[in-house]
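S.K.: What would the 3D arrangement of this be:
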Amino acid sequence: MRVAILTSEAVPFAKTGGLADVSGALPKALSELDVEAKLILPLYDQVDRTLLNGGSVENVRVEWRGQVHLVRFWYSDVAGAPAYLLEAPEFFARSTIYGHNDDHIRFAFFSRAALALLKHLSFEPDIVHANDWPCGFAIAELNARRRYDEFFQKTRSLFSLHNVGYQGLFDAGDLWWLGFGDPPERDYFALDRHASALKAGIMAADALSTVSPRYAREIQTRDQGHGLEWLLRARKDRLAGITNGVDYTIWNPETDPHIAANFSAADLSGKRECKLDLLRRFALPEEPERPIIAIISRLVGQKGYDLIRQISGSILETGCFFIALGAGAKEYEDFLQRWHDAAPGRVGIYKGYAGEPLAHQIEAGADMFLMPSLYEPCGLNQMYSMRYATVPIVRATGGLDDTVRQFNPADGSGTGFKFGPYEAGALLEKIREALYFYARPEAWQKIQHNGMVVDNSWEAAAKKYLELYLEIQKL
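M.R.: Residues are numbered from 1 along each chain as shown. This next block holds a predicted model:
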């Protein structure tokens, strides 16, 4: 089977969130199942050029706004599967991946170039697997191409929804010169007097997937459908929920080169050194018996920072350290700074994205990992945390609910702590519950061990994707 995976970001090339982890890991996992998978994404300024280790594909013909562009794709195999990165500096030589007024133009061009690359390589895919709104353009174009282009006639499409809250909205007047001015594609994009690349992908794809079974159900409701719940309900017979996997070649405390000491489920002794190392990195007192609660996330409302802000004083009253890594909305960055300034010996912060090593060091050194999300399509950090004997405290939503089992002291089962209502009091109650068991080493070590032995590997997730691809081929 041949699969082309289109994405706006992928590890190790470019990352802003979980989409990059998924896009970077899935092609490799599919390759290990004998699927011929190719990964295609833009070449951003942020990409380390030393990763481009296989030369380039020259003079790929892209017809765009009445002109022919001859573009270049750089090749890499460092992610364990062939990857092609589109060199188009007029669109992607920017300081950030997203957040530009012409994002819809940038990713529409990328989508067209990605399909052009497949043709240039004579790689006729059985499945085009596109991810999130930036690649909704490719799904819509593929749908149109199948009506007149023999090369793509047998190609089927899967559109993965990682976060329905980001819909790729733009002025519907731009549809004509992006090449989507005629029906049915024009109607696919139409959304409340705007155009939405996400909606177009949902309507034009042969099948849809989300990144957890619960999120597949949640996006069909008013609370989490973000105005598209009616459409997702209409397509629910083509909607699958597949929980993301973890790349244990990267996230494994037994072999992780970024952490102060390696450890395993059989021998947790190295975690104490990782904890001391983390306290030093954040200039906090070296008091390893005091619990560390950590969070790594974008600083946006979705991630539960409103709840954390409401109970910040009560959190410190429990006697813990708090460590936060992330960047985003100024109001939350300012809150973290004020919290740190008020309690510099208890609160450690890093505003920004420090790269993978610090994230690994936090996962390895913390005792608890906080994910009080308003909604969370899948989430990866709760799964990383479990493998690193860091107990997750999460809200029971989306993939968090699917992957974390509430600890039951009666039988010793469970991998973390979950609360339901999106309320600060409910979060604080779970933090206190976790701290209660932290003070009881036998119970705490049982929770740690339970989490470390859970199999959230990409091998299991990739098999589910392969099964889905085979079903889509029959459509």
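S.K.: Can you spell out the domain ranges of the protein, please?
M.R.: 2-245+459-473, 269-455 (automatic domain parsing).
S.K.: how long is the longest one end to end?
M.R.: Its start and end residues considered, domain 2-245+459-473 measures 11 Å (CA to CA, to the nearest Å).
S.K.: now it, how far from the chain's geometric center?
M.R.: 14 Å (CA atoms, centre = their mean, to the nearest Å).
S.K.: want to try CSV for the domains of the chain, with distance to residue 257 and mean pLDDT as columns?
M.R.: (Each C-beta comes from the backbone N, C-alpha and C, glycine too.) Shown next, in CSV, are those (distance: least, CB to CB, whole Å; pLDDT from 0 to 100):
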stretch, distance to residue 257, mean pLDDT
domain 2-245+459-473, 14, 96
domain 269-455, 9, 96
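S.K.: of those, which approaches residue 255 most closely?
M.R.: Ranking the domains of the chain by proximity to residue 255 (CB to CB) places domain 269-455 first, at 11.3 Å.
S.K.: so residue 168 touches residue 136, yeah?
M.R.: Yes. Contact criterion CB atoms under 8 Å: residue 168 and residue 136 qualify, at 6.2 Å.
S.K.: Quick check: neighbours shared by those two?
M.R.: Common neighbours of residue 168 and residue 136 are listed as 196, 197, 198 (criterion: CB atoms under 8 Å, 6 or more residues apart in numbering).
S.K.: Which ones among these map onto strands?
M.R.: When those are checked against strands (DSSP state E), the matches are residue 196.
S.K.: thinking again about what came up before, of residue 168 and residue 136, which one has the most company?
M.R.: Set residue 168 next to residue 136 and count neighbours by other CB atoms under 10 Å: residue 136 wins out with 31 against 25.
S.K.: That one and residue 375: what is the separation?
M.R.: Residue 136 sits 20 Å away from residue 375, going by CB to CB, to the nearest Å.
S.K.: for the stretch 101-250 of the chain, what spans make up the strands?
M.R.: 127-131, 156-161, 169-170, 190-191, 194-196, 207-210, 239-241 (DSSP state E, counting those that start in this stretch).
S.K.: closest one to residue 261 among those strands?
M.R.: Nearest to residue 261, of the strands of the stretch 101-250 of the chain and by CB to CB, is strand 127-131 at 36.0 Å.
S.K.: May I see the buried residues of that closest one?
M.R.: 127, 128, 129, 130, 131 (16 or more other CB atoms under 10 Å).
S.K.: Who are the contact partners of the first one?
M.R.: This points to residue 127. With CB under 8 Å, 6+ apart, residue 127 has these contacts: 1, 2, 3, 4, 155, 156, 157, 158, 469, 472, 473.
S.K.: Kindly report the same for residue 382.
M.R.: 369, 371, 392, 394, 399, 400, 403, 404, 416.
S.K.: Could you rerun that using 6 Å?
M.R.: Remark: with contacts taken as CB atoms under 6 Å, 6 or more residues apart in numbering, residue 382 is in contact with 371, 392, 394, 400, 403, 404.
S.K.: Can you pick out the most distant pair from these?
M.R.: Top of the distance list for the contacts of residue 382 (CB to CB): 371 and 403, 10.4 Å.
S.K.: Quick check: longest helix in the protein by residues?
M.R.: Criterion DSSP state H: the longest helix present in the chain is helix 103-120.
S.K.: what does that one contact?
M.R.: 4, 6, 40, 42, 60, 62, 71, 73, 86, 91, 134, 137-138, 151, 170, 178.
S.K.: Just the buried ones from the residues you listed?
M.R.: Using 16+ other CB under 10 Å as the burial test, the contacts of helix 103-120 include 4, 6, 40, 42, 60, 62, 71, 73, 86, 91, 134, 137-138, 170, 178 as buried.
S.K.: Out of these, which comes closest to residue 17?
M.R.: Using CB to CB, the buried ones among the contacts of helix 103-120 come closest to residue 17 at residue 134, 12.8 Å.
S.K.: and the gap between that closest one and residue 167?
M.R.: Residue 134 is 11 Å from residue 167, by CB to CB.
S.K.: cool, residue 234 as well?
M.R.: 17 Å.
S.K.: which one of those two has more residues nearby?
M.R.: Higher neighbour count among residue 234 and residue 167: residue 167, with 22 against 13, using other CB under 10 Å.
S.K.: how much space between the more buried one and residue 185?
M.R.: Distance from residue 167 to residue 185, by CB to CB: 17 Å.
S.K.: swap in residue 119?
M.R.: For residue 119, the distance to residue 185 - CB to CB - is 19 Å.
S.K.: Who has more neighbours out of the two?
M.R.: More crowded of residue 119 and residue 185, by other CB under 10 Å: residue 185, with 21 against 15.
S.K.: Find the nearest non-adjacent residue to that one, please.
M.R.: Spatial nearest neighbour of residue 185, excluding adjacent residues (CB to CB, 6 or more residues apart in numbering): residue 140 at 5.0 Å.
S.K.: check contacts around the one you found.
M.R.: Residue 140 neighbours (CB under 6 Å, 6+ apart): 185, 188, 200, 204.
S.K.: picking that back up, PyMOL command to pick out the buried ones of the contacts of residue 382?
M.R.: Buried members of these, defined by 16+ other CB under 10 Å, are picked up in PyMOL with:
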select buried, resi 371+392+394+400+403+404
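S.K.: I'd like the contacts of residue 382 written out as TSV, with secondary structure and distance to residue 27 added.
M.R.: Formatted as TSV, the contacts of residue 382 follow (DSSP: H, G, I helix; E, B strand; the rest coil; distance: CB to CB, whole Å):
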residue	secondary structure	distance to residue 27
371	strand	27
392	strand	27
394	strand	28
400	helix	26
403	helix	22
404	coil	27
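S.K.: of the contacts of residue 127, closest to residue 97?
M.R.: Among these, and counting by CB to CB, the member closest to residue 97 is residue 4, at 20.6 Å.
S.K.: Find the nearest non-adjacent residue to the closest one, please.
M.R.: Nearest to residue 4 is residue 125, by CB to CB, 6+ apart, at 4.3 Å.
S.K.: Surely that neighbour and residue 1 touch.
M.R.: No. With contacts counted by CB atoms under 6 Å, residue 125 stays clear of residue 1, the gap being 8.9 Å.
S.K.: The two - which one has more neighbours?
M.R.: Shown here are residue 125 and residue 1; by other CB under 10 Å, residue 125 has more neighbours (23 against 15).
S.K.: List phi and psi for that one.
M.R.: Backbone geometry at residue 125, expressed as degrees, to the nearest 10, gives phi -80, psi 140.
S.K.: Can you name the residues that contact it?
M.R.: With CB under 6 Å, 6+ apart, residue 125 has these contacts: 2, 4, 155.
S.K.: Go again with 10 Å.
M.R.: Taking CB atoms under 10 Å, 6 or more residues apart in numbering, we find residue 125 in contact with 1-5, 36-38, 115, 118, 142, 151-152, 154-157.
S.K.: between the contacts of helix 103-120, which is closest to residue 428?
M.R.: Looking across the contacts of helix 103-120 and measuring by CB to CB, the closest to residue 428 is residue 134, at 37.7 Å.
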